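In: Sequence and predicted structure are below.
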Amino acid sequence: MKLLERLAKIDRRIIFLLVGLAAIIPLLIPIGLPVDITKPVQNVYDTIESLPEGSIVVVSVDYDPGSEAELYPATLAFIEHCFRRNLRVYMMGLWPAGIALGNDAFAEIAPKYNKEYGVDYINIGYKPGGPVMLLTLGRSVADIVNADYAGTPIDSFPLGRAVKTARDMSVVMTFSAGDPGILHWIIYFNARFGNVICGSTTAISAPRQYQYLASGQLIGLLGGLKGAAEYETLVDRKDRAIAGMDSQSIVHVLLVIFIIIGNIILLSERRKK
Amino acid sequence: MKRTIPLIIVFGCGIFMLISFFIPLRWVQDTSQLLQTWYLGVIAFFVFIGIANIVRVNVNKIQRKLADWQYSIILLVFLFVMIGAGIFGGPEGGLFNYLFHNFQIPLSATMFSLLAFFVASAAFRAFRARNPEATLLLIAAVLVMVGRVPVGYWIWHGFPDLVEWLMQVPNTAAKRGIILGIDLGLISMALRVLLGIERSYMGGKD
Amino acid sequence: MLLILILMAQGINVEAFDTPNDDGSSITIRWIPDTQYEFFQILRSLDPDEGFEPLAQLPGDYAEFIDRGLQSGQQYYYLVKAVQKEQETSSEIIGPVLPKAQIFDAGRANILVTIIILFAAILFYIAIARRGEKLYIRKIPALTAMEEAIGRATEMGKPVLYVPGIMDIDDPQTIASMSILSKVAEKTAEYGTPLYVPTSKAMAMTMAQQVVKEAAMKVGRPDWFNADNIRYLTDDQFGYVSAVDGIMMREKPATNFYLGTFYAESLILAETGHATGAIQVAGTAMPDQLPFFVAACDFTLLGEELYAASAYLSQEPVQLGSLKGQDLGKLLIILIIIIGVASRVFGLPFLYNLLNVQQ
């Protein structure tokens, strides 16, 4: 009982320390837990697999460094999949900080597949304006885009010239940490122009997207680091998301242990009364 | 007059934007887009207002040597270094890129990672079976936490499917109910604002 | 006038017509898909004698193409070719087809009817309230606790912290938050309690300053207002939350209000506030963040309660009337859901189509 009383008043810094250790130790000593594939992630993979070579995939990097840990591994795995399938990647962002992260992803993956900027992939940069911008982009890309992220005229790139309206975009994949993000693409692109929308989002936001999966407005979804790990497994890319799964598993188990201890304390307090 | 003109503008623009959803005519859609573009222009201007506010408040703090005034110097130095690096070096410039990748990204990621620790302390404190509803919340939380990571699949192969069902059926149903309620509340508030019944967001007398 | 021409030619059944419910800038071409063909090629001309230009190439399982960016009232002609390996089968020339603008998007008529009914319900109860009838609104604990929470801060000689969310004033939750801020500012000005309002957007800061200043003047305390207490921090999400956490740790407010749009930072704010011993009242219409606020705060406004708060706090009959109208709207939605589910379960496509929104 004294132990329970001590646990009831435990300094939260001890809880933080235990969580920190639970996160770090599996990164240093991997366990190798198997990653199962869920249907929403499989749908994204199958959608990309079904596209003919040369199709244009819009990748919208709608997150900032705060969500990099969950969404950047998914971005890397997805772009690798696109390049492996010889699809063309047309990158943009509804968040300003996402563009640099998108460029980092290209820098890491493009050389591996000998992809050429402006031909196989392009980054048109941050586009503000949310709904207005998306509606205009779908009707006429030229009204929104006149240069890439670095200011080079867009018509000087073959891929820049190839995208004129929403019709030229086979799939839109948005990596979204909030607003504007998945919902904007669904409302202003899928609803207005009929484009196929896939998404990747943080674990906190993933439950909210399930209703769009159910209605078919969202074809597939990568939820959190687990979703990224599933996609890495599908594209056979063993990277940080898979590596993080052991860590996440142990932390979740620790949280469950904390919840159980908390309820044991509650029961013992009730018994005392 | 001070409140009447803004109310007329709110009513006029609000009703026009509402009607434009139902009228596909080109001039109506173009006007709707123009209004939204004007809003973007106003937002862009307000960036300068925000910067001016930061500078004013922190310069005042330094001049009057208020508590922790030294940090205001650091803030202002970094503010102008970042602005200068972006303007003169461009977004791909060396200094801007260095500061972004070595300061901004790690700092943002660090703040986000605090959530892991705070979820643990909140779970320990709040997830207790005080009543039937809290018990239901607790059971659902435990199932989803275990089922959404590989350890759930390792314990029982059917765990992820159970969690997927929880997410796609009860969770989606509850979210839809909440969102429907929210949207109705939004419609009610929007109508009050449009008609000028709700004015407290403008300040002053209702 | 809708012009539909259907031609049968060598197995390609094609029709072309003015796209309904648009601005007169598109024509829809439809054909029967056939996967024996590799692709369908769609060609267009303004004058068939002068040749056709290719518009699009679509796989054999596609059945429709919408030609956009056209001029209303101009005549267009179309040709569809089905290609299999090196063999080509062509339809006859279809046309002339004229795209025309429609004044009303009939595909959204059901939305218009729903909005009119909802508005009518709200206006009905507002009219009843204006007549002086008393309307029952249930107690919302979080709103009842607001005054006590501010009183607690006054007694302890500590400030009140009000966080209006991280989105700008185009977000309805921010508008709702500003309305509540007005009421909170009146109370804190009356009691002489400092009020800190850190904002993440410059426009929200300007609005908050105006709201707080006017509140101070309304209660006859213009001297209480300090513009430096309502300031812009940063647009960056986690920069903002770390700055607000810093304010909490340094100033140790006795009462924290989190009312508006929040994302991942909600739990960081709530847990830091809890660590400082503050009483916390939260409210957001972000369903993902509600569980965190419910777990970590003392009182939480759930979703629509945030939008109702201003009406509830003012206790003005006309505003309360709008809340009753909203509830009637909810009954209507429940009825529509039941009809929709029944139409699918019992196979009544007429009802389902009535409720469906056309694109």
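Out: Thanks, I have the structure now. Numbers count the residues shown, from 1 in each chain, chains lettered A, B, ... in the order given.
In: any chance you could map the helices in chain B?
Out: B:4-20, B:26-63, B:69-89, B:94-99, B:105-126, B:132-147, B:150-155, B:159-166, B:172-194 (DSSP state H).
In: How about the stretch 201-350 of chain C?
Out: Here the stretch 201-350 of chain C has its helices, by DSSP state H, counting those that start in this stretch, at C:202-218, C:237-251, C:265-275, C:290-296, C:304-314, C:317-345, C:349-355.
In: what's the domain layout of the chain?
Out: You didn't pick a chain, so chain A it is. Domain segmentation of chain A under automatic domain parsing yields A:2-28+A:249-272, A:39-237.
In: other chain: chain C
Out: C:5-97, C:106-132+C:318-355, C:141-315.
In: ok so, going back, which of the helices of chain B sits closest to residue A:145?
Out: When the helices of chain B are compared by C-beta to C-beta, helix B:26-63 sits nearest residue A:145, at 15.7 Å. C-beta coordinates here come from the backbone N, C-alpha and C atoms, glycine included.
In: on contacts alone, who are the packing partners of the closest one?
Out: helix A:130-139, helix B:4-20, helix B:69-89, helix C:202-218, strand C:230-232 (3 or more C-beta pairs under 8 Å, 6 or more residues apart in numbering or on different chains; DSSP states H and E).
In: if we can go back for a sec, between the helices of chain B, which gets nearest to residue C:29?
Out: When the helices of chain B are compared by C-beta to C-beta, helix B:26-63 sits nearest residue C:29, at 21.5 Å.
In: Give the buried residues for that closest one.
Out: By neighbour count on 16 or more other C-beta atoms under 10 Å in any protein chain shown, the buried set for helix B:26-63 is B:28-29, B:32-33, B:36, B:39, B:43, B:46, B:50, B:53-54, B:57-58, B:61.
In: List the contacts of residue 171.
Out: Assuming you mean chain A. If you count contacts by C-beta atoms under 8 Å, 6 or more residues apart in numbering or on different chains, residue A:171 has them with A:47, A:48, A:51, A:55, A:57, A:58, A:195, A:196, A:197, A:198.
In: other chain: chain B
Out: A:207, A:210.
In: and with 10 Å instead?
Out: A:207, A:208, A:210, A:211, B:140, B:144, B:163, B:165, C:287 (C-beta atoms under 10 Å, 6 or more residues apart in numbering or on different chains).
In: Return the member of those residues nearest to residue A:34.
Out: residue B:163 (15.9 Å).
In: Give the burial count for the closest one, as a bare number.
Out: 22 (other C-beta atoms under 10 Å in any protein chain shown).
In: That one touches residue B:145, doesn't it?
Out: Yes. With contact defined as C-beta atoms under 10 Å, residue B:163 reaches residue B:145; the gap is 9.3 Å.
In: Could you pull out the residues contacting both of those two?
Out: Contacts common to residue B:163 and residue B:145, judged by C-beta under 10 Å, 6+ apart, are residue B:152.
In: Low-confidence stretches in the stretch 101-250 of chain A?
Out: With pLDDT under 70 as the threshold, the stretch 101-250 of chain A has no low-confidence stretch at all.
In: And the helices in it?
Out: A:130-139, A:158-162, A:182-185, A:191-193, A:206-215, A:224-234, A:240-272.
In: in the shortest one, what counts as buried?
Out: Under the neighbour-count criterion of 16+ other C-beta under 10 Å, helix A:191-193 has residue A:193 buried.
In: How about that helix and chain B, any contact?
Out: No. Helix A:191-193 stays clear of chain B (C-beta under 10 Å from any C-beta of the partner chain), getting no nearer than 11.2 Å.
In: Any residue of that helix touching chain C?
Out: Yes. Interface with chain C: helix A:191-193 contributes A:191, A:192, A:193 (C-beta under 10 Å from any C-beta).
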